[in-house]
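# what follows is a predicted protein model with its sequence.
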Amino acid sequence: MEHPLAQFLYCPKCGSSHFESHNEKSKKCEACGFVYYFNPSAATVALIFDEEKGLLVCRRGKNPAKGTLDLPGGFIDIAETGEEGVAREVLEETG
């Protein structure tokens with residue numbers, strides 16, 4: 001499958017053809033410095049229960065709402081399915 005950014009051949013700001021990959025989620029114009037981020041924001045969350053029906057929660061380590069309780073989850077990367085994204089996020093947040 002071709003990456004969605006591959007269809008952007010010219011800078012949308014200045015029209016330059018020097019619109020190159022910047023990272024996995026963006027392209028940068030070498031002529032004017034404009035950076036275009038292709039970053040859809042689909043999110044996922046896991047409801048994980050133990051044998052006693054207790055729900056796993058995490059304490060947020062960063063703002064916003066640092067220190068409050070949260071469910072494990074987060075944003076799905078562009079090449080991931082929802083299932084892959086939630087599995088990665090749970091692993092990242094719980095170790």
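Yep, it's here.

# show me where this protein has its strands.
Ranges of strands within the chain are 19-23, 26-29, 35-37, 43-45, 58-59, 69-70, 73-75, based on DSSP state E.

# quick one: neighbours of residue 50, just the number.
Residue 50: 8 surrounding residues under other Cβ atoms under 10 Å. Heads up, the C-betas are built off the backbone N, CA and C, glycines and all.

# circling back: turn the strands of the chain into TSV, including mean pLDDT.
Shown next, in TSV, are those (pLDDT from 0 to 100):
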stretch	mean pLDDT
strand 19-23	93
strand 26-29	96
strand 35-37	93
strand 43-45	94
strand 58-59	93
strand 69-70	96
strand 73-75	92
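
# make CSV out of these and add mean neighbour count and distance to residue 92.
Converted to CSV, those look like this (neighbours: other Cβ atoms under 10 Å; distance: least, Cβ to Cβ, whole Å):
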stretch, mean neighbour count, distance to residue 92
strand 19-23, 14, 19
strand 26-29, 18, 22
strand 35-37, 14, 21
strand 43-45, 15, 12
strand 58-59, 12, 10
strand 69-70, 12, 13
strand 73-75, 16, 8
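
# nearest to residue 3 among those strands would be which one?
Residue 3 lies closest to strand 19-23 among these, at 8.7 Å (Cβ to Cβ).

# what lies in contact with that closest one?
For strand 19-23, the surrounding residues in contact (Cβ atoms under 8 Å, 6 or more residues apart in numbering) are 5, 8-11, 27-30, 35-36.

# residues contacting residue 56?
46, 48-50, 71-72, 94.

# where is pLDDT lowest across the residues you listed?
Least confident entry in those, by pLDDT: residue 94, with 90.

# tally of neighbours for that one?
Neighbours of residue 94 using other Cβ under 10 Å come to 11.

# ok, now how distant is it from residue 48?
9 Å (Cβ to Cβ, to the nearest Å).
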